[in-house]
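In: from the sequence below, what's the structure:
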Amino acid sequence: MHSSYSLSKRLVSIPILAIQLLLIRSVSSLNLTNDYLNHKCLVSEGKYRTGGEYEENLNFLIRQVLTYDYPSGFIHISQGDVPNLVTIILQCRGDSYDSKCLSCFDTALSGLRKRCQRNKGGIVWYDQCFLFITSAKSPPGPRRNDYKNIFSMHNPKNMIEGTESFNKKTRDFLNELMVEANTPNRPNKNMYLYAAGEKRLGAKKLYALVQCAQDILDCKGCLARSIRELPKCCDGKQGARVLGTECNLRYEIYPFLRS
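Out: As a prediction, this is how the structure comes out:
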């Protein structure tokens, strides 16, 4: 079964792109694809010269990334000084750590190079990870939430009945997951700032996840803001996502995560 996901114009600071996603073959099968979702070329950061110092720093970091094991599905590393500073931030989905994260990095890097050729900065989102490369100098410590690169996507299919109840229960469930994700001292420390689960809604089940990049200052604030955006983009939709470089959330009425 094929369906299409729609990008919402309400949140987008990124050019709208036509997206066709393979969502699910049957209700019982998982969507374990790693489809391209969206990208943004940071044109204000300019382009780098082939063979120059920026490219050398970029290639050095890529080699470093390829040596990581990704037990927490996250990396934030930098090399060089302005104007040849390079920073790579990679966050993989909570069920795509370890070797799956490295595979997603390969896919994301190839996709970003194709779409933002020689741009010093760019962001690309896939089902299982996002990759953020920038030359901008950032202050030390955790990244502050700036919400500059947020967008939403939704399944064009609507819930047929009980829309208001479905919307409320979905937001309530996402708020529960937000609290869980921000609970310290969880048994698996590598799952900090990530939570996923399922909830029975009458004859259907709701599946959802919330996740923050592990270097941001205010995960709870980021997720709360994303949940508040759902009524603007995705009321009554059978599935929706709000994504950015700081946090993301997703819900569906079918399973889409590895156990």
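In: alpha carbons only for contacts and neighbour counts from here, please
Out: Will do.
In: mind checking the SS state of residue 125?
Out: Judged by DSSP: H, G, I helix; E, B strand; the rest coil, the three-state class of residue 125 is strand.
In: got a pLDDT number for residue 9?
Out: Residue 9 is assigned a pLDDT of 39 by the prediction.
In: what do you get for residue 142?
Out: Residue 142 is given a pLDDT of 86.
In: show me the helices in the chain, by range?
Out: Assigned by DSSP state H, the chain shows helices spanning 53-65, 99-115, 163-181, 219-233.
In: out of those, nearest to residue 124?
Out: With C-alpha to C-alpha as the measure, helix 99-115 is the member of the helices of the chain nearest residue 124 (6.0 Å).
In: hmm, who's touching that closest one?
Out: Applying C-alpha atoms under 8 Å, 6 or more residues apart in numbering, the set of residues contacting helix 99-115 from outside is 34, 39, 41, 66, 69-70, 73, 90, 92-93, 122-126, 128-131.
In: can I have the buried ones of the residues you listed as a ChimeraX selection?
Out: In ChimeraX syntax, the buried subset of the contacts of helix 99-115 is picked out as below (16 or more other C-alpha atoms under 10 Å):
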select :34,39,41,70,73,90,92,93,122,123,124,125,126,128,129,130,131
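In: if we can go back for a sec, closest one to residue 210 among the helices of the chain?
Out: For the helices of the chain, distance to residue 210 was read as C-alpha to C-alpha. The smallest value, 6.4 Å, belongs to helix 163-181.
In: please name every helix or strand in contact with that closest one.
Out: Secondary structure elements in contact with helix 163-181, counted by 3 or more C-alpha pairs under 8 Å, 6 or more residues apart in numbering; DSSP states H and E, are strand 194-201, strand 204-212, helix 219-233.
In: put together TSV for these, with mean pLDDT and distance to residue 116 on each row.
Out: TSV is the format used below for those (pLDDT from 0 to 100; distance: least, C-alpha to C-alpha, whole Å):
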stretch	mean pLDDT	distance to residue 116
strand 194-201	95	29
strand 204-212	96	25
helix 219-233	96	27
